[in-house]
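Asker: mind folding the following:
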Amino acid sequence: MVRRKDTKIAKTVKKEVEKEENMEVKETVEESRLHKIKRRSSGKRLVGVGLIVLVLLLGGWFATKVALTGWNFSTGSIKDIFSLNTTKLIGEDQGRVNILVLGMPGGNYDGPNLTDTIIAASMPVGEENTGKGFLFSLPRDLYVKIPGNGQAKINSVYEIGKNEEDGNGGLQTAEVASEVLGLQMPYYFKIDFSGFEQLVDELGGVVVEVDKDLFDDKYPTVSKGYETVDIKAGTYTMDGAMALKYARSRQSTSDFDRAARQQTLIMAIRAKMMELDMFKQPAKALAIFEVLSSSIETNMNPLEIKRLIDLFKDFDPTKLTNKVFDDSAAGMLYAGKVDEMYVLRPVGDDFKVISDYVAKLITGEEEIVPGEEQVATEPLKIEVLNGTITTGLAGKIAAKLKGEGYSVVLVGNNAVRGFTKTIVYDLSGGTRTWEVRKLASSLGAEVGGETITTTSGALARVVVGSEAQ
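Answerer: Numbers count the residues shown, from 1 in each chain. This is a model prediction of the structure:
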């Protein structure tokens, strides 16, 4: 379930000065549940915003709105507002607050309302909750069910919701993400990346340690052409343009590499903001964060934003873990096509595999070891056995799997024939289960439950059925 909120800004500020009562000022501030700010026309793609930076950005944005809309608070009064503690966020009572962060091109780019980045932040709250914070990255090509609109890529959900009568793209995307992850996502933020680029420049650049060379000769330009990005390993003070390229580049590296670079940038921005004492110097915050006033859309009201800041501004970044769902060995997704369109589906074609995994991460039953997804594992060793009377069928499937990068160690006939459906057996003892399930999904096969032994050294056995012809 996602909480529905109004979509129009409604703000009334009323002051009555009563001289007979010592000039007491009464202010009535009526805020809508949705703060929607017009996007900058020169928007760039948002490719990764962590909750730590998001909290800092929202603090500045909130202060900026206070100044620009005529809320005549003094510095002391602003401090008083930020000391209020009457609002609770949805999820606080359960010890965890979840927020969806969306980023899209905007401006004159193709598909300005197609979501380029979807990150679900799940953060622990409360003194008793010492758990980890998670950033779950969902790929734009994820093929999902959209309530009332069939199936489509998740990057189109915002646009579909936005175009519906009385619809809201952010809430629609949050609802779909909730189903995928098994997490209630009551809040969302949509951010135009042009604000991020300007923010880096306003901060005077950010210091980034590049641990390995980055070369991409197909980096997209505004004119829909390409340019080359060549960043050598070393330490840089990146301006907005360079930071954007460092975060966006994806043609020559994996999705996990890109996510790691985004995390590096997030920490660099956070460090610079803390260095500048953004919350202790409101005037400085107002000057810098004014650039964000046209780049944010959210369904949180100011007091909820303030509560978010209070909860997470001092969050220990070492307790923040990023999980990228993709078609890598540990990514839980596999690639396919729908009407010649590239899509990603969950292994086993059931999002329960993802929601169960997320639940175990949050409860601590499973852990993501930093760097484990970056380690290249050897190709999955498989044996392919013919479970039919059709000659050569196992060899045909084996050749296909070799072309996909699998290591075929044995091709032969199965002891039992007459299989209609292809069956894949896990021989890895649980060490390569995700890859075995991914293999089964790519073949349209079932995963066998029987215990199988082999002397071939294979970690998976494929028994080919007649449907594979």
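Asker: for the residue most central in space within the chain, which non-adjacent residue is spatially closest?
Answerer: The residue lying closest to the centre of the chain (CA atoms, centre = their mean) is residue 119, at 2.0 Å. Excluding its sequence neighbours, the residue lying closest to residue 119 (CB to CB, 6 or more residues apart in numbering) is residue 101, at 4.5 Å. For glycine as for every other residue, the C-beta is placed from the backbone atoms N, C-alpha and C.
Asker: what's the answer for residue 237, then?
Answerer: residue 205 (4.3 Å).
Asker: the one you found contacts residue 239, doesn't it?
Answerer: Yes - assessed by CB atoms under 8 Å, residue 205 is found in contact with residue 239 at 5.1 Å.
Asker: leaving out chain neighbours, which residue sits closest to residue 220?
Answerer: Excluding the flanking residues, the one nearest residue 220 by CB to CB, 6+ apart is residue 226, at 6.3 Å.
Asker: residues contacting that neighbour?
Answerer: Contacts for residue 226 (CB atoms under 8 Å, 6 or more residues apart in numbering) come out as 217, 218, 219, 220.
Asker: hmm, residue 335 is touching residue 347, no?
Answerer: No - if you go by CB under 8 Å, residue 335 and residue 347 don't touch, sitting 11.2 Å apart.
Asker: related to what we said a few turns ago, name the SS class of the residue nearest to the centre of the chain, please.
Answerer: Following DSSP: H, G, I helix; E, B strand; the rest coil, the label given to residue 119 is strand.
Asker: list phi and psi for residue 327.
Answerer: Main-chain torsions, residue 327, degrees, to the nearest 10: phi -100, psi 20.
Asker: do the same with residue 359
Answerer: The phi/psi pair for residue 359 (degrees, to the nearest 10) reads phi -60, psi -40.
Asker: so what's it up against?
Answerer: Residue 359 makes contacts with residue 182, as judged by CB under 8 Å, 6+ apart.
Asker: I'd like to know how far it sits from residue 365.
Answerer: Taking CB to CB, to the nearest Å as the measure, residue 359 and residue 365 are separated by 8 Å.
Asker: what's the overlap in contacts for those two?
Answerer: Counting by CB under 8 Å, 6+ apart, no residue touches both residue 359 and residue 365.
Asker: host element of residue 261?
Answerer: Secondary structure from DSSP states H and E places residue 261 in helix 255-275.
Asker: ok now that helix, how far from the chain's centre?
Answerer: How far helix 255-275 lies from its chain's middle: 14 Å, per CA atoms, centre = their mean, to the nearest Å.
Asker: pull that helix out as CSV, backbone CA atoms only.
Answerer: Presented in CSV, the C-alpha positions along helix 255-275 are these (Å, rounded to 0.1, in the frame of the first residue of the first chain):
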residue,chain,number,x,y,z
ASP,A,255,26.0,-2.1,-13.5
PHE,A,256,27.7,-3.0,-10.2
ASP,A,257,30.8,-0.9,-11.2
ARG,A,258,28.6,2.0,-11.9
ALA,A,259,26.7,1.6,-8.6
ALA,A,260,30.1,1.6,-6.8
ARG,A,261,31.1,4.8,-8.5
GLN,A,262,27.8,6.4,-7.5
GLN,A,263,28.3,5.4,-3.9
THR,A,264,31.8,7.0,-4.0
LEU,A,265,30.2,10.2,-5.3
ILE,A,266,27.5,10.1,-2.7
MET,A,267,30.1,10.0,0.1
ALA,A,268,32.2,12.7,-1.5
ILE,A,269,29.2,15.1,-1.7
ARG,A,270,28.2,14.2,1.9
ALA,A,271,31.8,15.0,3.0
LYS,A,272,31.8,18.3,1.3
MET,A,273,28.4,19.3,2.8
MET,A,274,29.6,18.4,6.3
GLU,A,275,32.8,20.3,5.7
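Asker: which helices and strands does that helix pack with?
Answerer: If you count contacts as 3 or more CB pairs under 8 Å, 6 or more residues apart in numbering; DSSP states H and E, helix 255-275 packs onto helix 51-68, strand 206-210, helix 240-248, strand 320-324.
Asker: how far away is residue 134 from residue 333?
Answerer: 17 Å.
Asker: hmm, I typed the wrong one, I wanted residue 352.
Answerer: Distance from residue 352 to residue 333, by CB to CB: 14 Å.
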